[in-house]
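>>> coords below, sequence missing:
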């Protein structure tokens with residue numbers, strides 16, 4: 001019997017300039033209850049507005065919702081409520097109408113900044129039928145909402161578009177329906193406009209897609225969490241992968257990896273500080289050299305939806321209604337006792353919980369050591385279910401809310417499921433990677449599996465000029481070189497310091513994906529005495545793995561290295577204050593072996 005579930009969403013045929021969907025996809029969509037404003041109560045789990053497609057992200061949630069409905073209240077999951085947040089999906093039908101009725105396909109996108117594009121979309125008018133349904137919806141819903149993209153191309157195995165389009169969260173707490181309706185409309189238009197932002201255009205070009213064939217559905221979904229003073233957020237956000245490329249301790253790759261953070265998941269997907277563990281060994285801490293290192297590596301800030309007054313009205317700002325809190329705020333909100341540990345300077349020891357004075361460490365000790373709630377058991381049961389639905393290894397995003405006002409009731413919400421691309425090819429580095437003199441770089445912390453023999457262009461950040469205080473400037477210079485190489489259809493190797501794509505410029509170079517979209521090999525290295533942990537941001541990680549980009553991390557105090565002197569001696573094509581672009585007479589060979597956990601770049 002042919003598969004008619006989630007995998008079918010990624011099968012499409014281009015015909016006469018349109019993205020065509022398969023019959024199985026249409027059957028899946030038709031099974032979603034149609035939104036009917038006269039009967040809507042606000043308690044429906046999954047509805048659709050319109051007759052078009054619901055997009056990749058919504059298809060994934062629909063399929064997994066059907067799989068996990070029976071889990072809540074059974075077996076290992078009896079101690080927590082398991083499900084997806086209630087949602088409605090605006091189908092692609094209304095995106096087509098919106099674009100055509102407002103002549104938005106005619107805008108000169110290539111010549112416009114993202115902010116100008118967003119303002120044009122804000123000035124446009126939603127179709128009347130859609131506006132009526134949205135007014136009916138918002139009149140019955142009073143919780144904070146996440147307005148999320150769900151395009152036809154999004155979450156596909158080959159081109160996942162992870163983190164490329166916008167998500168906007170709104171507090172939805174204005175006293176009158178009219179105000180809440182207008183805020184919802186602004187958020188929907190912003191998500192629509194992100195279809196054509198520069199990052200999306202660059203990503204589409206780099207992956208061989210035409211952005212003008214893209215169709216955007218929009219998910220309107222409850223934000224998981226509860227209100228604490230003027231902040232709304234879950235106790236825990238997490239990303240779990242059923243395959244771990246970087247196992248530590250006794251963990252094995254096939255046992256998976258989980259990252260946890262306090263507050264909204266923006267901390268994790270943007271590559272901020274989080275806590276990692278293997279579901280098979282939840283009480284084994286991630287590697288650190290000392291308690292002092294652990295204190296430096298712990299999360300100190302978290303994201304929440306701002307339920308108080310906003311500083312400035314800004315409908316074209318994705319983070320307009322978000323606010324950052326610190327650990328003192330979290331302690332005031334009475335959250336840390338369930339997820340933190342405390343450092344005692346007198347004994348130089350870390351104690352689980354917050355029952356004593358001292359610096360807090362967001363280690364999730366009470367959850368991972370005492371199974372309250374049973375997060376590890378839920379994930380160990382849920383990941384195989386998601387793998388079955390997706391047809392392979394998966395990455396999931398989730399949130400857990402511990403409600404102390406309801407006797408520590410725990411609610412587990414699954415927010416997204418993506419399939420991971422894993423190559424099962426046998427790659428053996430062999431004797432080629434044994435001669436140090438023949439290598440440009442080598443690493444034993446890698447991502448990818450395969451071989452490239454055609455890398456002639458290398459773009460690298462000059463070690464003698466690099467400055468963590470100049471990383472935003474470096475990102476802009478890289479964008480120019482990336483664009484030139486894309487126009488020439490020349491793929492390249494990119495090497496630099498700290499985390500690529502970090503939102504914190506002091507941890508690395510804060511490039512958007514479109515600014516380095518032509519890179520087929522990415523190298524991250526330590527710089528001087530400063531060694532930053534490798535990139536673990538969910539969106540960055542997922543794009544690397546699914547686009548078959550080879551990734552090497554050069555850790556300090558190991559035999560891994562980059563031969564910066566050799567790079568500097570090669571022919572320069574272009575140069576800036578911080579960056580050098582070289583072209584090799586003989587192409588470099590890049591080999592990464594998933595099985596051997598090793599990667600080399602050969603001269």
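In hand now; what should we look at? Because the structure is predicted, anything quoted here is derived from the model rather than measured. Residues are numbered from 1 along each chain as shown.
>>> Who are the contact partners of residue 530?
By Cβ atoms under 8 Å, 6 or more residues apart in numbering, the contact list for residue 530 reads 468, 498. In short, each C-beta sits where N, CA and C put it, glycine included.
>>> please redo it, this time with the cut-off set to 10 Å
468, 497-498, 506-507, 556 (Cβ atoms under 10 Å, 6 or more residues apart in numbering).
>>> Narrow those to those in strands?
residue 497 (DSSP state E).
>>> what's stretch 34-41 in contact with?
With Cβ under 10 Å, 6+ apart, stretch 34-41 has contacts from 33, 44, 47-51, 88-91, 132-137, 139-141.
>>> List the buried residues of it.
35, 40 (16 or more other Cβ atoms under 10 Å).
>>> okay, how far is it across it, tip to tip?
For stretch 34-41, the first-to-last residue distance is 13 Å (Cα to Cα, to the nearest Å).
>>> what does stretch 44-51 give?
Note: stretch 44-51 ends 18 Å apart using Cα to Cα.
>>> what is the rounded mean pLDDT of that stretch?
Over the span of stretch 44-51, the pLDDT mean works out to 91.
>>> Check stretch 273-293 too.
88.
>>> cool, stretch 319-338 as well?
pLDDT averaged over stretch 319-338 gives 95.
>>> Okay, buried residues for that stretch please.
Using 16+ other Cβ under 10 Å as the test for burial, stretch 319-338 gives 320-325, 327, 329-330, 333, 335-336, 338.
>>> Figure out how far that stretch is from the centre of its chain.
21 Å (Cα atoms, centre = their mean, to the nearest Å).
>>> contacting residues around the residue of the chain most remote from its centre?
Distance to the chain centre peaks in the chain at residue 346, reaching 39.8 Å (criterion: Cα atoms, centre = their mean). By Cβ under 10 Å, 6+ apart, the residues touching residue 346 are residue 358.
>>> For residue 182, give me its contacts.
Taking Cβ under 10 Å, 6+ apart as the test, what residue 182 contacts is 138, 174, 176, 315.
>>> Ignore what I typed, I meant residue 96.
50, 52, 105, 127, 215-216 are the contacts of residue 96 under Cβ under 10 Å, 6+ apart.
>>> go with 7 Å
residue 215 (Cβ atoms under 7 Å, 6 or more residues apart in numbering).
>>> so which strand or helix has it?
Per DSSP states H and E, residue 96 falls inside helix 92-101.
>>> per-residue confidence averaged over the next helix or strand after that helix?
The helix or strand immediately downstream of helix 92-101 is helix 114-123, counting by DSSP H and E. The average pLDDT within helix 114-123 is 97.
>>> next structured bit after helix 114-123?
Downstream of helix 114-123, the next assigned helix or strand under DSSP H and E is helix 128-138.
>>> Could you list the residues in contact with stretch 220-236?
85-88, 143-148, 169, 171, 260, 262-264, 302, 304-308, 323, 325, 333, 335, 338-339, 364, 399-403, 413, 415.
>>> Not including adjacent chain positions, what is the nearest residue to residue 496?
residue 461 (3.9 Å; Cβ to Cβ, 6 or more residues apart in numbering).
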